[in-house]
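A.B. asks: coordinates for the following, if possible.
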Amino acid sequence: MVEKIVVGIVVALLSGVGRLLWANRKHLSLLKVLLTPFARTRVSVAVLLRVHDEDHYVLFASGNRPGAFGPPGGVVKYQEGARRTLERLGFEPESRNREVMRHDLRGFLGALRVLGFARWLSKEVDRETATDCLRRELVEELGEVGHEELVPLAREVVFRSARRVIDGPLKVPGETYKQIRFFDVYDLVTDTPEASRLRDALLELAGDAGEDRVIGVNRVEIARGRAQSHVVLPQSAFLAGDKRYREDLTPAS
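C.D. replies: I've put the predicted structure just below:
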């Protein structure tokens, strides 16, 4: 009798673990959040654009980290239809200091809700597509780096997925919470004249020694976090692989 009870408990536990693993098979690296079920977790969702020629990657000057450079791209925005789901998950949007940051998928969750958030995210509903996000960010950032002449080209291009990276959970220095960042890396699809012209123009700017808002870096410089006098932001590592080398830099207030 006792043996049957024990066997039943073991079978139930194994079945539960199996269901958990299957439900989260795309996000197995996130299961470690269950070790600290009552912790607070910061999440963000972003798309990065990879423009490169072999070991030469294009980076833009960062608007909120002076002297630093990172890949074009930015945070994905959620749509009104996502509000009910995000509220059910207990999503707390991060404080915004600019109107342009409204509806960013960047905020806080309880650790137990992270897996549900990741599953919702993978459905790609009620949020920007990678293409919409990259076009919006590219248009905005081309203006920020002083090359509005390329904006008409940016509005016409399409993109192809290169990789998806789940970065974390990682401890944030000086904070009590851990952080998980979801990155999608995309390439330009250069099958149109507009896309080819944009790629060529960005690579030319990145190779121009007199250009101070667009630079080119290689893998060694990305790993070192330095390209001459410029700081290379840690997320640049995801252009070349799925491993980061350094902690994030705190944005300027």
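
A.B. asks: which parts of stretch 54-68 are buried?
C.D. replies: Tyr57, Val58, Leu59, Phe60, Ala61, Ser62, Arg65, Ala68 (16 or more other C-beta atoms under 10 Å). In this view, the C-beta of every residue, glycine as well, is placed from N, C-alpha and C.

A.B. asks: for the residue nearest to the fifth one when sequence neighbours are not counted, grab the count of nearby residues.
C.D. replies: Looking back up the chat, that one is Ala61. Distance criterion C-beta to C-beta, 6 or more residues apart in numbering; nearest residue to Ala61, sequence neighbours excluded, is Arg213 at 4.4 Å. Using other C-beta atoms under 10 Å, Arg213 has 15 other residues around it.

A.B. asks: now swap in the one 5 residues further on and tell me
C.D. replies: Burial of Asn218 is recorded as 15 neighbouring residues (other C-beta under 10 Å).

A.B. asks: can you check the pLDDT for the closest residue in space to it that isn't next to it in sequence?
C.D. replies: Residue nearest to Asn218 in three dimensions, not counting chain neighbours: Asp55, with 4.7 Å by C-beta to C-beta, 6+ apart. Per-residue pLDDT puts Asp55 at 94.

A.B. asks: and the one 5 residues further on, by the same measure?
C.D. replies: With respect to pLDDT, Phe60 scores 97.

A.B. asks: what do you get for Val33?
C.D. replies: So Val33 comes in at 62 (pLDDT).

A.B. asks: ok, the residue nearest to Asn218 to Phe182 distance?
C.D. replies: Asp55 sits 26 Å away from Phe182, going by C-beta to C-beta, to the nearest Å.

A.B. asks: what sits against Val76?
C.D. replies: Val45, Ala46, Val47, Asp104, Leu105, Arg127, Glu128, Ala130, Cys133 (C-beta atoms under 8 Å, 6 or more residues apart in numbering).

A.B. asks: among these, who's most crowded?
C.D. replies: Val47 (26 neighbours).

A.B. asks: please report how far that residue lies from Glu204.
C.D. replies: Applying C-beta to C-beta, the value for Val47 to Glu204 is 24 Å.

A.B. asks: so where's the stretch 151-253 of the chain uncertain?
C.D. replies: For the stretch 151-253 of the chain, the stretches flagged by pLDDT under 70 are 249-253.

A.B. asks: all strands for it, in order.
C.D. replies: With DSSP state E, counting those that start in this stretch as the criterion, the stretch 151-253 of the chain has strands at 159-171, 178-188, 214-217, 226-227, 230-232.

A.B. asks: the last one: how far from the chain's middle?
C.D. replies: It refers to strand 230-232. Its chain's C-alpha centre and that of strand 230-232 lie 19 Å apart, by C-alpha atoms, centre = their mean, to the nearest Å.
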